[in-house]
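Student: structure, please.
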Amino acid sequence: MPKRFALSLIVAALAFMACTTGTKDPIHLRIIHTSDVHGHVLDSLEHIESYVLYNRHRLLDEDRVIVTDGGDVLQGHPIAYYYNFIDTTSAHMVAVAMNGVGYDVATIGNHDIEAGRKVFDRWISQCNFPVLGANIIDDSTGEPYLKPYEIIERRGVRIAILGMITPAIPNWVPRNLWKGLHFDDMVTTAKHWVPIIQQREKPDFIVGLFHSGIDERAGIQTDSYCENESRLVAQQVPGFDLILYGHDHRRNMEYVRTPDGDSILAMGPTSTGACICQVDIKVTKNWLGHVVKKKIEGRILGLKEMTEEMGKGEDHRPIEIVGDWRSPVEPIVEAYMQEDVGVFDAAVHERDAFFGPSAFIDLVHDLQLELSQGAQISFAAPLSFDATIAQGMAHITDMFALYKYENLLYTMRLTGREIRGFLEMSYDLWCNTMHSPDDHIMLMDYVLDGGKRLGLKNMAFNFESAAGINYTVDASKPDGQKVTILSMEDGTPFDLDKEYLVALNSYRGNGGGELLTRGAGIPLAELPSRVVASTEHDIRYHLIEMIRAKGHVTPHVRKNWRFIPDAWAPAAIARDRAILFPKH
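Tutor: Numbering: from 1, shown residues only. Predicted structure coming up:
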């Protein structure tokens, strides 16, 4: 037999074996993913830690489990606020808790950026795992400010994790909080980094870890970027095997068609640690170490499902939480959360804000008009959906229900016509167009319980009402024609061509929700020039200081606007209130 022919047979045989001979058993790895925990570390993360321990030490081996987070951990709870801005020298509780859980990698979220560079730099420096951000670019170097990707190798499987954040930060967060940085488009960034990762790292598996929602049609879209790009990345950038995301607070699992005609799993776990995404990966390699088969299965588990999982099998002993990170700081944080602020002479309920003027929102309006520099009009929206401040002594923790986010207060110049356009868009998102007295007055859709139950179609934090003017909202009119401004609240005329000073939060003032851009018609680049003044501290800080100074809050309702027609609106409000808030 000629040597060349014999050599060809050997090469062919080796190639055949390489393609067909796999390991006896697939390599089984598990990814546990959280996102948008929003500071809930003393409640949610302790349960997740328990489940991680169960997986790592009882169900699977330590090196078979990878724990990831999709960002937004530094905002939304008094614990995070306390370590962001009150105690700035101790180890940050959020980093300590995440280290205790045993995260392997995370990405950063827009609300983490909102805490400011000093805060998120401190948090990142204290995390025992990399925090990624491939599309956060340092202006001085032109390179990513954070590590773009991480390589994790487990049981011989090499996993590359590429981290990115929604590029819509400029629309929400004051520029001074991210000075020296900019945020590139995610699709463009992924197209740059995936080939580099493939060539440089030779991974068996590529995971996208994104703080950006799944639905590109929802959220902000400009000529430069899209707020929610996770699905777009999967559809337009080849090479990914799995997308884990957050930001949109949706509990969602779907398969997305990729450029090569395959499909990959994309998962998001909702918010506050209420759920996790669990991904089981089975990788089969041949005797040369090449991957010949990948099997990926996903589940979304809430606390109940996690508890049930830990109760299966022969060993029913509960997993004890290590809790070393919790015990030293819990009394300190609890004391801060229970600090007295002031007495509420009556309860205030956020749910009232959806159906007309409310004492809950008017308390915010009052502060904004008092605090701003000469503003005649105030805009504010419900931020938590169904918060209540009970009658009696209110505490710091109640203030986080009253005002959820760390927004600054802006005073901006707007014309009367822009004010009306702003409100038209707000109520178009909020209010249905009624064609008969039996129609809904709230704009609702089957968005709850997997499409089985009616809920608000759009995000309630964009439902801005106004103080300082008297107006009606006619639900029988088409979009763009619902709002009629009757006068200023003191009875003087309102002029569409006159310029007014308006108090509103920094999220809105930077373009959040697009009420100023699409609604009022102001170009995004022009918004900074419209800002007359900004507070140094967030609105919640000033609410706390105001209530402490007064000692008592006597809630009142301005009654400066209402839904009409009068023959339809009251009955429709009663019906929709029972749908949105069925327990009361």
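
Student: now P78. Nearest residue, chain neighbours left out?
Tutor: Distance criterion CB to CB, 6 or more residues apart in numbering; nearest residue to P78, sequence neighbours excluded, is M337 at 4.7 Å. For glycine as for every other residue, the C-beta is placed from the backbone atoms N, C-alpha and C.

Student: per-residue pLDDT, the one you found?
Tutor: Looking at M337, its pLDDT reads 90.

Student: tell me which residues touch it, please.
Tutor: For M337, the contacting residues are 78-79, 395-397, by CB atoms under 8 Å, 6 or more residues apart in numbering.

Student: got the phi/psi numbers for the residue most central in space within the chain?
Tutor: Closest residue to the average C-alpha location of the chain: H247 at 3.4 Å, with CA atoms, centre = their mean. With angles defined as degrees, to the nearest 10, H247 sits at phi 100, psi -40.

Student: ok, it touching G213?
Tutor: Yes. Look at H247 against G213 with CB atoms under 8 Å: they come within range, at 4.8 Å.

Student: joint contacts of these two?
Tutor: 166, 228.

Student: most neighbours among the contacts of M337, which one is it?
Tutor: I79 (25 neighbours; other CB atoms under 10 Å).

Student: just the element for that one, please.
Tutor: In this assignment (DSSP states H and E), I79 forms part of helix 78-81.

Student: restricting to C-alpha, output the helix or strand following that helix in CSV.
Tutor: Of the helices and strands lying after helix 78-81 in sequence (DSSP H and E), the nearest is helix 93-101. Taking Å, rounded to 0.1, in the frame of the first residue of the first chain, the C-alpha atoms of helix 93-101 are listed here in CSV:
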residue,chain,number,x,y,z
MET,A,93,-23.4,45.7,51.6
VAL,A,94,-24.4,44.8,48.1
ALA,A,95,-20.9,43.6,47.2
VAL,A,96,-20.6,41.7,50.5
ALA,A,97,-23.9,40.0,49.9
MET,A,98,-23.1,39.1,46.3
ASN,A,99,-19.7,37.7,47.3
GLY,A,100,-21.5,35.6,50.0
VAL,A,101,-23.8,34.2,47.4
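
Student: one step back: any chance of the contacts of M337 in TSV, with distance to G163 too?
Tutor: Below are these laid out as TSV (distance: CB to CB, whole Å):
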residue	distance to G163
P78	28
I79	24
H395	37
I396	33
T397	32
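
Student: TSV for those residues, including distance to E308 and pLDDT?
Tutor: Shown next, in TSV, are the contacts of M337 (distance: CB to CB, whole Å; pLDDT from 0 to 100):
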residue	distance to E308	pLDDT
P78	31	90
I79	28	90
H395	35	96
I396	35	94
T397	31	93
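
Student: how about these, which pair is most distant?
Tutor: I79 and H395 (14.2 Å; CB to CB).

Student: domains of this protein?
Tutor: Using automatic domain parsing, the domain ranges for the chain come out as 23-331, 339-580.

Student: where among the ones you listed is average confidence lowest?
Tutor: The minimum mean pLDDT among these belongs to domain 23-331 (a mean of 91).

Student: what's the helix holding I79 in contact with?
Tutor: 38-42, 73-75, 93-94, 115, 333, 336-337, 396-397, 400, 406.

Student: ok, now how distant is E227 from P167?
Tutor: Distance of E227 to P167, given as CB to CB, to the nearest Å: 8 Å.
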